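S.K.: Sequence and predicted structure below; questions after.
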Amino acid sequence: MGAGTILLIIIGVVVFVVIGLYNKLVALRNRVKNGFAQIDVQLQRRHDLIPNLVESVKGYMKHERDTLEAVVQARNAAVSGLKAAAADPSNAEAIKALGEAEATLSGTLGRLFALAENYPDLKASENMLRFQEELASTENKVSFARQAFNDAVLGYNNACETFPSNLVANAFNFRPGEFLEIESKESRAAPAVSF
């Protein structure tokens, strides 16, 4: 075996390793996209429920127009954020913006449901109870889908950041993804306790 043959074998092995790492990164990125597709379905369902919810409470909450408008605006911002993130689920900025828009929507929905407590007829309404149940069910499905998505992002990010796959990731412009966080800032804050 000559030096030229050994060099060709080494080059061949390096090429196969690079191809294998590249294919692994593509597969992991596709898992991120698939994970996001599951979130997309659930968030779209959530967004579709909100106009019907607003319509059903409008008659009861005539004096709460600002709150209803805030819910509609937050929903529209979340829909826009979802479209941007769905276009490229590996785009960290789009995922971060979606998380912020969804957190805002969750906050405005929370305010709407808190105000609904002041309207006994609305609180007892069959439509309101059904929407609350459907939204709660959808929120659970979003949580499970978000967990699967974040697991896929973790695997993808690990491959983008660990040696030697990080060399291939950098060479072929694979960028780490962003975890989807939907929690509102209010839910993270420690509750005030006074005696």
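M.R.: Yep, that arrived.
S.K.: would you list every one of the helices in this protein?
M.R.: 3-58, 65-87, 92-116, 120-124, 126-161, 165-171, 185-188 (DSSP state H).
S.K.: For the ones you listed, please prepare TSV with the additional fields mean neighbour count, distance to G177 and mean pLDDT.
M.R.: In short, each C-beta sits where N, CA and C put it, glycine included. As requested, these are exported to TSV (neighbours: other CB atoms under 10 Å; distance: least, CB to CB, whole Å; pLDDT from 0 to 100):
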stretch	mean neighbour count	distance to G177	mean pLDDT
helix 3-58	15	5	94
helix 65-87	17	11	94
helix 92-116	19	6	92
helix 120-124	12	41	79
helix 126-161	16	4	93
helix 165-171	17	12	96
helix 185-188	10	22	48
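S.K.: nearest to F179, of those helices?
M.R.: Minimum separation from F179 across those (CB to CB) falls at helix 126-161, 4.8 Å.
S.K.: Against which helices or strands is that closest one packed?
M.R.: Using 3 or more CB pairs under 8 Å, 6 or more residues apart in numbering; DSSP states H and E, the elements in contact with helix 126-161 are helix 3-58, helix 92-116, helix 165-171.
S.K.: cutoff 7 Å now
M.R.: If you count contacts as 3 or more CB pairs under 7 Å, 6 or more residues apart in numbering; DSSP states H and E, helix 126-161 packs onto helix 3-58, helix 165-171.
S.K.: burial count for F163?
M.R.: For F163, the tally of surrounding residues (other CB atoms under 10 Å) stands at 6.
S.K.: Next, work out how far apart it and A169 are.
M.R.: F163 sits 10 Å away from A169, going by CB to CB, to the nearest Å.
S.K.: Over to N30?
M.R.: 15 Å.
S.K.: same deal with L115?
M.R.: 48 Å.
S.K.: Quick one: residues in contact with stretch 3-21.
M.R.: For stretch 3-21, contacts defined as CB atoms under 7 Å, 6 or more residues apart in numbering pick out P164, S165, V168.
S.K.: how about those residues in JSON lines, adding distance to L98?
M.R.: As requested, those are exported to JSON lines (distance: CB to CB, whole Å):
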{"residue": "P164", "distance to L98": "32"}
{"residue": "S165", "distance to L98": "27"}
{"residue": "V168", "distance to L98": "28"}
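S.K.: and which of these is nearest to E100?
M.R.: S165 (30.4 Å).
S.K.: Now for that closest one: which residues touch it?
M.R.: S165 neighbours (CB under 7 Å, 6+ apart): L21, K24, L25, A159.
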